Each structure stands twice: as C-alpha cells, then as structure tokens.
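Asks: sequence first, predicted model second:
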Amino acid sequence: MRQLYMGSYNAPVLTGDGTVYQGDGKGITRCEFNEETGELEERESIPQAQNASWLALPADRKTLYAVNELDDHEGTKGGALSAYEVQKDGSLRLLNCLPVMGAAPCHVDCAPAGKRARHVYTANYNGGSMSAFALKEDGSLDCLETLLQHEPRREKEHSSFTEAADVEKGKICSPHVHSAGVYDGLLWITDLGLDTVEAYRLDENGALCQREPSPVLSVRLSDGSGPRSLAFFKNRIFVSCELSNQVAVLEAKDGALTLIRQISALPEGTETESHVGGICLSPDGRHLYVGNRGHDSIAVFSVEADGLQPIQWASTGGRNPRGFCLSPSGKWLLAANQGSGTLSVLQRDERSGMLRPAGEYEARAVVCLLFL
C-alpha cells in the first residue's frame with residue numbers, strides 16, 4: 001500500500017476573479033492506495049491544516065510542507081507555510097507554521113533537489129511574490145530569508161491581469177506568482193499575471209545565490225498566456241498556460257531559455273469555457289498530462305523531439321479537475337475534481353500513455369495530491 005496525501009480548501013480565500021471561495025474540505029487527508037487494484041482508503045485527516053492547496057516532500061520524505069492559502073493568517077497579512085514530521089506509519093505531526101508575508105501562497109517546493117532539504121520556496125499568488133525559508137536540522141521552518149516581490153508592469157499592450165482602476169488605460173499588468181519549482185540547480189518561477197517564466201541560481205545548499213536575486217534565465221510568453229504550472233525533463237520545461245489553454249514547451253540551452261512552441265490543450269473546435277490546470281510527466285518522460293478545468297479532461301500528449309503530439313482527451317468523470325498525479329508505479333493517474341468533490345482513478349497504459357476510468361471516490365474541495 002502506498003501513502004497518499006490530499007490537500008484541500010476548508011477556509012475562505014480570495015480567488016483570481018475577485019470572488020471568495022469557501023471550500024468544505026478536510027485540510028490534509030492521508031489515504032492508502034493499492035497499486036495492484038487502484039483502490040483507495042482514507043485513514044485520517046488534519047482539519048487544522050487551513051487551505052492546504054499544495055504539498056511537497058523533500059528527497060528523504062521525512063517532512064511534508066503544506067502551504068496555507070490564505071490572505072490573512074492569525075492576524076498577519078498574508079498566508080502561511082506549515083511543516084509536518086512524516087512518521088513511520090505515514091501520519092503527520094505538526095512541527096511549526098510561519099507566515100510567508102505574501103497573500104494566498106499556492107505552491108511550495110524543496111531545495112536542493114535529490115538531497116536533504118535545507119530550503120523551501122513558496123509562490124504567493126495574490127501577493128505576487130516568492131518566499132524563501134531556511135530549514136532547521138529536524139526539517140522545521142527556521143526563518144524567512146528572502147521575499148522576492150514582482151512588480152506590476154506598465155504597457156500599452158493587452159495583459160493577463162489589470163488593476164480595476166486602470167482597466168480603461170490598459171497599462172498595468174499585475175503580478176500573480178503561481179509556481180516556484182526547483183530543478184537542475186535553479187528555482188523556476190511562473191507569473192500568471194506577467195506572462196513570464198524565470199529561473200534563479202541556487203547554491204549547493206539550495207539557497208538563492210544572490211541577496212537581491214535576479215533571474216539567470218527568463219522568457220516572456222505571448223500576452224494572455226497565463227503560465228501556471230511546470231514539469232521538467234532533461235533540458236525541456238513544460239508550462240501549463242491557464243488563460244490561453246495551451247502548453248508551452250521551453251528549452252534551456254547555452255545559457256538561454258527559448259520558447260519552442262505553444263500547443264492547445266483542448267480539442268480543436270472546443271467552445272466550452274475552460275482553464276488549464278495541473279501538469280505532470282510520465283516517469284520515462286514519454287508522455288505529458290495536462291488538466292482541463294471546464295472541458296473536464298486530462299489531455300494526453302506524446303513528447304516528441306520537436307514538441308508535443310496530442311493523443312487523447314480522457315474525461316475525469318467529474319467537474320474542474322485541478323490537482324492530479326501519477327502513482328509511483330506510473331500505472332495509475334488520480335485526478336481531484338474540485339467542482340464535483342470527487343477523486344477519479346484512471347488506469348494508465350504504460351506503453352501508449354492512454355487513460356481509462358477505473359474508480360471514483362469522495363474528495364471534497366481537494367486540489368492537490370501527493371504520494372509519499
């Protein structure tokens with residue numbers, strides 16, 4: 001049996017469209033997943049974990065980090081980050097919780113990759129910022145080392161987000177940092193509002209190399225792309241673009257970051273309102289999976305030398321599939337349907353990469369899935 005953690009919304013939070021979302025989730029839920037049968041069984045939940053919308057584990061799997069996606073946390077403006085000790089049976093014990101000093105943290109990752117984590121990084125969506133924390137020896141949070149604030153961009157062109165007072169002018173593009181992922185000695189940051197993907201150099205301990213960091217790689221996607229989530233394979237970076245419903249394929253080579261192509265994540269002729277969500281690669285890097293919230297499908301792509309080739313749009317059987325992941329064996333894909341409060345289990349053909357439905361479970365307001 002494999003341990004599976006599910007993060008969900010259970011407290012109010014301001015969404016990207018200006019409305020307040022109140023989820024009815026359980027905070028963090030621990031389940032056991034049977035890799036042979038695809039069956040799932042809930043073991044315990046931690047309702048005190050407020051809006052645990054993203055979870056991360058370092059290489060040693062001894063500590064779990066969960067963002068608390070809030071605009072205010074215990075009297076401090078902005079959300080928080082929590083650290084939990086992973087015990088032998090997979091249960092979690094809270095170590096500590098610190099404010100990130102940015103509103104609505106929605107993503108977290110650990111550094112250095114492949115080693116014992118010494119730093120963690122959060123993407124703060126409403127705050128338009130990234131927070132860097134040092135860690136103690138036991139994996140608990142030590143202190144906030146760096147707060148990297150993205151600034152609004154003034155321009156005459158169309159942009160993904162504009163401040164209400166400047167809509168008529170059309171000159172202000174607001175930052176909305178969505179992902180902070182660690183890969184190949186770099187911290188990769190997407191900004192859904194500024195349409196940018198940037199990479200910052202990390203040292204051998206996973207710390208930012210500069211006191212006032214500046215990106216060593218950067219690319220700006222087409223206006224209105226809305227880069228959201230990241231997947232990495234060799235020197236390729238795959239970016240799900242929420243607002244344009246595309247996947248961007250980037251290449252990091254010879255000290256430059258280049259856009260190879262952007263391809264639609266939806267079938268041709270789709271008229272349903274939809275927004276791209278999560279993204280992940282198969283263990284062998286041959287297939288890419290992208291969630292479509294509205295079309296309510298997982299787009300399956302074959303990874304080619306010159307980009308991506310769509311091979312399937314598999315229905316999740318639920319509404320708004322935001323968070324999903326592959327099982328450690330790669331034989332199953334689990335998708336959390338935020339809109340319908342369900343979790344869909346899809347069996348994966350390891351050769352073709354294609355998916356077929358295999359089961360469904362209740363999973364209220366779940367938006368993140370992570371295997372131990």
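Replies: Received, thanks.
Asks: from here on, just use CA atoms for contacts and neighbour counts.
Replies: Fine.
Asks: lowest mean pLDDT among the helices and strands, pick that one out for this structure.
Replies: Per-element confidence for the chain was summarised using mean pLDDT, DSSP states H and E. The lowest value among helices and strands belongs to strand 172-173, with a mean of 78.
Asks: what's the following helix or strand after that strand?
Replies: If you walk from strand 172-173 toward the C-terminus, the next helix or strand you reach (DSSP states H and E) is strand 177-183.
Asks: may I see the buried residues of that following strand?
Replies: Of all the residues in strand 177-183, those buried under the rule 16 or more other CA atoms under 10 Å are 177-183.
Asks: show me the two of those that sit farthest apart.
Replies: Checking the buried residues of strand 177-183 against each other with CA to CA, the farthest-apart pair comes out as 177 and 183, at 17.3 Å.
Asks: related to what we said a few turns ago, of the buried residues of strand 177-183, closest to residue 287?
Replies: The shortest distance between residue 287 and any of the buried residues of strand 177-183, using CA to CA, involves residue 183 and amounts to 18.9 Å.
Asks: contacting residues for the closest residue to the closest one other than its chain neighbours?
Replies: Counting by CA to CA, 6 or more residues apart in numbering, residue 113 is the residue found nearest to residue 183 once chain neighbours are left out, at 6.8 Å. Counting by CA atoms under 8 Å, 6 or more residues apart in numbering, residue 113 makes contact with 58-59, 182-185, 206.
Asks: roughly how far apart are residue 113 and residue 265?
Replies: Separation of residue 113 from residue 265 (CA to CA, to the nearest Å) stands at 29 Å.
Asks: and residue 283, what element?
Replies: Under the assignment given by DSSP H and E, residue 283 is not contained in any helix or strand.
Asks: go ahead and confirm it touches residue 330.
Replies: Yes - assessed by CA atoms under 8 Å, residue 283 is found in contact with residue 330 at 6.6 Å.
Asks: quick one, which of those two is more surrounded?
Replies: A count of neighbours by other CA atoms under 10 Å puts residue 330 above the other of residue 283 and residue 330, at 18 against 15.
Asks: got the residue ranges for the strands in the stretch 101-250 of the chain?
Replies: Assigned by DSSP state E, counting those that start in this stretch, the strands in the stretch 101-250 of the chain fall at 105-111, 119-124, 129-135, 141-149, 153-154, 172-173, 177-183, 186-191, 196-201, 217-220, 227-233, 236-241, 246-253.
Asks: what does the pLDDT read for residue 242?
Replies: Predicted confidence (pLDDT) for residue 242: 98.
Asks: so where's this protein uncertain?
Replies: Within the chain, the segments meeting pLDDT under 70 span 155-172.
Asks: let's see it at 90
Replies: In the prediction, the chain carries residues with pLDDT under 90 at positions 13-19, 75, 113-116, 153-173, 210-212, 305-306.
Asks: please save the CA atoms from the one helix or strand residue 324 maps to in CSV.
Replies: Using DSSP H and E, residue 324 sits within strand 321-326. Taking C-alpha atoms only, strand 321-326 is exported to CSV below (Å, rounded to 0.1, in the frame of the first residue of the first chain):
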residue,chain,number,x,y,z
PRO,A,321,-10.1,18.6,-12.3
ARG,A,322,-7.5,20.9,-10.7
GLY,A,323,-5.0,18.6,-9.0
PHE,A,324,-3.8,15.2,-10.3
CYS,A,325,-0.8,13.0,-10.1
LEU,A,326,0.6,9.7,-11.3
